[in-house]
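1. I'd like to go over a predicted model; first the sequence, then the structure.
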There are 4 protein chains.
Amino acid sequence: MILRIGYDIQFEIPSLVAMVALLNVHPSRVADLRDADELRVEPAAQTETYIDSFGNRCTRFVARKGTLRLSNSTLIYDCGVADRVSPDARELPVQELPHEILPYLYNSRYCEVDSFSTIALELFGAVPPGWSRVQAVCDWVHTRVSFGYQHARPTKTALDVFTERFGVCRDFQHLAVTLCRALNIPARYATGYLGDIGVSAAPSPMDFSAWFEAYLEDRWWTFDARHNQPRIGRVLMATGRDASDVAMTTSFGIADLRQFTVVSEQLPQEQAEARLP
Amino acid sequence: MILRIGYDIQFEIPSLVAMVALLNVHPSRVADLRDADELRVEPAAQTETYIDSFGNRCTRFVARKGTLRLSNSTLIYDCGVADRVSPDARELPVQELPHEILPYLYNSRYCEVDSFSTIALELFGAVPPGWSRVQAVCDWVHTRVSFGYQHARPTKTALDVFTERFGVCRDFQHLAVTLCRALNIPARYATGYLGDIGVSAAPSPMDFSAWFEAYLEDRWWTFDARHNQPRIGRVLMATGRDASDVAMTTSFGIADLRQFTVVSEQLPQEQAEARLP
Amino acid sequence: MILRIGYDIQFEIPSLVAMVALLNVHPSRVADLRDADELRVEPAAQTETYIDSFGNRCTRFVARKGTLRLSNSTLIYDCGVADRVSPDARELPVQELPHEILPYLYNSRYCEVDSFSTIALELFGAVPPGWSRVQAVCDWVHTRVSFGYQHARPTKTALDVFTERFGVCRDFQHLAVTLCRALNIPARYATGYLGDIGVSAAPSPMDFSAWFEAYLEDRWWTFDARHNQPRIGRVLMATGRDASDVAMTTSFGIADLRQFTVVSEQLPQEQAEARLP
Amino acid sequence: MILRIGYDIQFEIPSLVAMVALLNVHPSRVADLRDADELRVEPAAQTETYIDSFGNRCTRFVARKGTLRLSNSTLIYDCGVADRVSPDARELPVQELPHEILPYLYNSRYCEVDSFSTIALELFGAVPPGWSRVQAVCDWVHTRVSFGYQHARPTKTALDVFTERFGVCRDFQHLAVTLCRALNIPARYATGYLGDIGVSAAPSPMDFSAWFEAYLEDRWWTFDARHNQPRIGRVLMATGRDASDVAMTTSFGIADLRQFTVVSEQLPQEQAEARLP
């Protein structure tokens, strides 16, 4: 299938400010693009693109006083297959993990792994290791935390989510990531597009989505403690240890968000066909 | 001058556990070594060495049940010059920073930059940017926080230090690093050896030391909010965003520390001479 | 002047739950009432009224499954004079405070006095003690914290407000109360009605309001770090160490708030006259 | 039996400071005293005694610059019976609790009841209510938290204890108290003397001890999540919602603790006889 993806984000900028945006598809999906994936910055600014240490494509620029608009609209091929489920994927003992995977066992800003070492064992120590343990973490978080936009706040950590039991997408994933790490299962945070393909439409406007990846056997696998069901049509934009590493935009000064719309929808078959491989 | 550096660290291991150690000198100091810098693991274990994403030399191994001893003793050449002071080093606007430096402006486990954005401006907004602003941060932390081993705890964050006003080496640096980042000055945490060279001997046994680095002009500069005076004889072992990235040892399971001694002393002149360049 | 005050609060109750309400005027204002101050509970429930240890009038009852409505509408005489300003009111040294005032110097749930002891001195140590110091606290909080309903959350403490710099009524007062206590000035939290009398109408619907009281000289004085100007027409309902002591309603189980309206307005002169003393 | 109880506490006072001490036996035990229970203050200071809102006997005074010594040594009769165990004591529904008991269901400084409402149900919801549920809380805390003086810190809350799993006496009780309250069982913090009577002597020097009380049926019952066994010879000094209400000494300024010894021992039978009833 072909997906139309894009966004229109507007800020009010009180005075010149440096910004970094993670608003392109992940390098691993570039080959699937069927149109230019170009971050439009208005008014035009000189941009610099680079790959950060997590492998994400970043764009830097300086925003001038006034209204700043960041937008994009592109097409991407998607295999249309739901997140792979592999109950036999085994958990590697830490000593067998590739060393570049180890940082995904450590503490990060929103993931206080050290605070959960005993709690995680109490909750999941009896569950067989491997896929089933990660799935048990997802089930637990999905069941015990309630969704609500009014419960979002930028400083909310996994421990806050654990005690408050309310949150948005990213909060679900932060708690699940932290519990996995506390169980010595590498886990990382992922953001991207996720449209309502194959599920009933969400009642709220489209937003970017967060999910997470756990490292089992020899690769990263997609999990989603928020929706907790295999989904079709995720388009990865960035991965990192937690939301602090992969903010869609980071401004080194004030930038007031004024508008925010995201699009991620399946192109009708007749329009899609010309673009299929 | 030639420094003798080394350590003897012993753990009691209740059952097989994977460990990672950052217990070698930093790659940037390898050329100064005058003897082998070998981490001895007893009982012998198969070790794997690698460079992590921060550029530090790490060693992995699996510790068996029983007593584990990690030790080392080596010699290193040091120019004997105190930390460089460069009051003219200017602060780069964020947009001019190399992109690989940007992560050192972000939140990390012990550095809640987001919680300090206003506080930092209130405290240091009136200080001229650049070297003097970093120095003002050091002066403030050095003056307002009191040292005491009884105030150490593994989960202590910069905000805890700011409210409690007590801490050990790493706590001083975490607060200073966080304040710098909140002022848009890249800062990173550093650990290594620091003997009592050129200063009166500390009353407590030698330990590894922590300091920090701030990025000004076109390079990283050494600052130390704990001692707050230029020192001779720092031997860098590792840098990272905070102590969570550069723990001397990380065990993925239980490892009870039983003994810990560190040596860092100047070799007497007659012994040193043969090893000077 | 005569004020009409009242409220209409509705909950959805999933199963029988015990509740405590602080929804009457404070005993100190009972003599001003010009109509019955009766908390109506629908469906009717057996209520018990008592005065708690802070001197507030409380009502207990058991709410049954279904919709619960708590409402009231009464009239109260108000002198129409703004909060008294008394710059000469002096601060008592702790040793001269009545002993029943001492608890208002201590920590409470939302007021981490111990975390602010140094911060408060750094910010206000140079301000002359007494009225001017409390006013300086109000000015600081009023200026440095921004109001926004989206920033409310039930677990927000004074330290959270200090770092986040956003909050609602109660958050402003918690921070001010905590700073006062850290300066050894007794302070307590107050809630009640506050209409838009003598000021331009607030853009948001009427809510109960929070303010605080500081103990100077020989009595409690009204301060309001949120509005930070003397106001007319406060009708006190309850005081306590912080919001945890004086929640309008406390339910010992689930009670979902569904509707909430508050009225506090000046009765037109012709209607009021008959009721004036 | 007759117990000799007392203490010798010394502070260094840098400048005149107001203090409050809770260093007498609780009014409920006054009838058991067999000698004067007099808090000696040296150098002599004018003291004022009063009963606080929790029913504890408090002493206020002003300490002058220099060394301050607070001491006491008295005799008290104790029935020599261990803490009463009453498995049939039933838990009252909140609506049947006396209203003066309700505050012991609320949040307090070190007891974030709101953060534990779901956690407590998850852990203990399946345990029958009443005595067995309180005992289950004690068993859990006793088993899951490890004792260690090095883990004490003045700002440690129940949530900190829950995540860190280390603490001293007061930390065990704070966590147990908080869990009880989250289960709608009133609980309060208690401090006093507890000697090694009927148990093997503790390896550490005698200190004041903390325990807690839960309200079941129609009275408060003693529980102790630290020792978790019925003990002989508790001499109550004070109760409050948590340690913040019943600090042995509170100083409104700096007072550096320099010495601290506590005595609580059974008087030999021949000396005791003359004083038995």
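-> Yes, it's here. Residues are numbered from 1 along each chain as shown, chains lettered A, B, ... in the order given.

2. For whatever residue of the stretch 1-150 of chain A ends up closest to chain C, give me the pLDDT.
-> Nearest residue of the stretch 1-150 of chain A to chain C (CB to the nearest CB) works out as A:Gln150 at 7.5 Å. All C-beta atoms are positioned from the backbone trio N, CA, C, and that covers glycine. On the pLDDT scale, A:Gln150 is placed at 82.

3. Next: A:Arg181.
-> In this model, A:Arg181 carries a pLDDT of 98.

4. gap between the closest residue to A:Gly253 other than its chain neighbours and chain D?
-> Distance criterion CB to CB, 6 or more residues apart in numbering or on different chains; nearest residue to A:Gly253, sequence neighbours excluded, is A:Val17 at 3.7 Å. Counting by CB to the nearest CB, to the nearest Å, the separation of A:Val17 from chain D is 36 Å.

5. show me the residues around A:Val17 that make contact.
-> A:62-63, A:251-255 (CB atoms under 8 Å, 6 or more residues apart in numbering or on different chains).

6. Please name the nearest non-neighbouring residue to the residue of the stretch 1-150 of chain A closest to chain C.
-> C:Gln150 (7.5 Å).

7. So that neighbour is in contact with A:His151, correct?
-> No: contact criterion CB atoms under 8 Å: C:Gln150 and A:His151 do not qualify, at 10.7 Å.

8. between the two, which one's more packed in?
-> A:His151 (18 against 11; other CB atoms under 10 Å in any protein chain shown).

9. what is the nearest residue to that one once chain neighbours are set aside paired to in the beta sheet?
-> Spatial nearest neighbour of A:His151, excluding adjacent residues (CB to CB, 6+ apart): A:Phe166 at 3.8 Å. Judged by DSSP bridges, the bridge partners of A:Phe166 are A:Ser146.

10. Give me the pLDDT for A:Phe166.
-> 95.

11. ok, back up a step: of the contacts of A:Val17 - the most surrounded one?
-> Most crowded among these, counting by other CB under 10 Å, is A:Ala63 at 23 neighbours.

12. so it makes contact with A:Phe252?
-> No: in this structure A:Ala63 lies outside contact range of A:Phe252 using CB under 8 Å: 10.2 Å.

13. overlap in contacts of those two?
-> A:17-19.

14. Out of those, which sit inside helices?
-> Among those, the subset assigned to helices under DSSP state H is empty.

15. Near chain C, which residues of the stretch 101-250 of chain A are found?
-> A:150-151, A:153, A:155, A:163-164 (CB under 8 Å from any CB of the partner chain).

16. so which strand or helix has the most centrally placed residue in chain A?
-> Central residue of chain A (CA atoms, centre = their mean): A:Thr191, 1.7 Å from the mean position. Assigned by DSSP states H and E, A:Thr191 belongs to strand A:187-194.

17. mind listing the strands for the stretch 101-250 of chain A?
-> A:146-147, A:166-167, A:187-194, A:209-216, A:219-223, A:234-240, A:249-251 (DSSP state E, counting those that start in this stretch).

18. Distance check, A:Ala158 against A:Arg241.
-> Using CB to CB, to the nearest Å, A:Ala158 is found at 12 Å from A:Arg241.

19. Overlap in contacts, these two.
-> Common contact partners of A:Ala158 and A:Arg241 (CB under 8 Å, 6+ apart): A:Cys111.

20. Burial check on the closest residue to A:Asn72 other than its chain neighbours, number of neighbours?
-> Closest residue to A:Asn72 apart from its sequence neighbours, by CB to CB, 6+ apart: A:Gly6 at 4.8 Å. If you count neighbours by other CB under 10 Å, A:Gly6 ends up with 20.

21. So A:Gly6 is in contact with A:Ser73, correct?
-> Yes: A:Gly6 is within contact range of A:Ser73, at 3.4 Å (criterion: CB under 8 Å).

22. quick one: common contacting residues for these two?
-> Common neighbours of A:Gly6 and A:Ser73 (CB under 8 Å, 6+ apart) are A:Val263.

23. What residues does A:Glu42 make contact with?
-> Here A:Glu42 is in contact with A:68-71 (CB under 8 Å, 6+ apart).

24. give me that answer again for 6 Å
-> A:Arg69 (CB atoms under 6 Å, 6 or more residues apart in numbering or on different chains).

25. Return the set of residues that bridge with it.
-> Assigned bridge partners for A:Glu42, using DSSP bridges, are A:Arg69.

26. Can you show me the helices along chain A?
-> A:117-124, A:131-144, A:158-164, A:169-182, A:269-273.

27. Tell me who's in contact with the residue in the stretch 1-150 of chain A positioned nearest to chain D.
-> Going by CB to the nearest CB, chain D is nearest to A:Ser115 of the stretch 1-150 of chain A, at 3.9 Å. Counting by CB under 6 Å, 6+ apart, A:Ser115 makes contact with A:159, D:163.

28. now with 8 Å?
-> Here A:Ser115 is in contact with A:158-159, B:155, D:163-164 (CB under 8 Å, 6+ apart).

29. do A:Val94 as well
-> A:102, A:105, A:184, B:18, B:252.

30. That one: what's its closest spatial neighbour, skipping adjacent residues?
-> A:Val94 sits nearest to B:Ala18 (CB to CB, 6+ apart), 3.7 Å away.

31. What's the separation between the closest residue in space to A:Tyr110 that isn't next to it in sequence and A:Trp140?
-> Spatially, and ignoring its direct neighbours in sequence, A:Tyr110 is nearest to A:Asp242 (4.3 Å; CB to CB, 6+ apart). In this view, A:Asp242 and A:Trp140 are 19 Å apart by CB to CB.

32. The two - which one has more neighbours?
-> Using other CB under 10 Å, the more surrounded residue of A:Asp242 and A:Trp140 is A:Asp242, with 25 against 19.

33. Ranking helices and strands of chain A by mean pLDDT, which lands last?
-> One helix or strand of chain A scores below all others by mean pLDDT, DSSP states H and E: helix A:269-273, with a mean of 83.

34. Please identify the buried residues of it?
-> A:Ala272 (16 or more other CB atoms under 10 Å in any protein chain shown).

35. List the contacts of it.
-> With CB under 8 Å, 6+ apart, helix A:269-273 has contacts from A:1-2, A:266.

36. and A:Ser209, what are its bridge partners?
-> As assigned using DSSP bridges, the partners bridged with A:Ser209 are A:Gly192.

37. Could you pull up the residues touching it?
-> A:169, A:191-194, A:226, A:234.

38. Tell me which two of these sit farthest apart.
-> Using CB to CB, the two most remote members of these are A:Tyr193 and A:Arg226, lying 14.5 Å apart.

39. how about the residues of chain A near chain B?
-> A:18, A:20, A:48, A:50, A:52-53, A:58, A:60-62, A:93-95, A:99-100, A:102-103, A:105-109, A:112, A:114-115, A:154-155, A:184, A:244-245, A:250, A:252-253.

40. Tell me how far the residue nearest to A:Gly253 lies from B:Ala120.
-> Counting by CB to CB - A:Val17 and B:Ala120 are separated by 16 Å.

41. Same check on A:Val145?
-> In terms of CB to CB, A:Val145 sits 33 Å off from B:Ala120.
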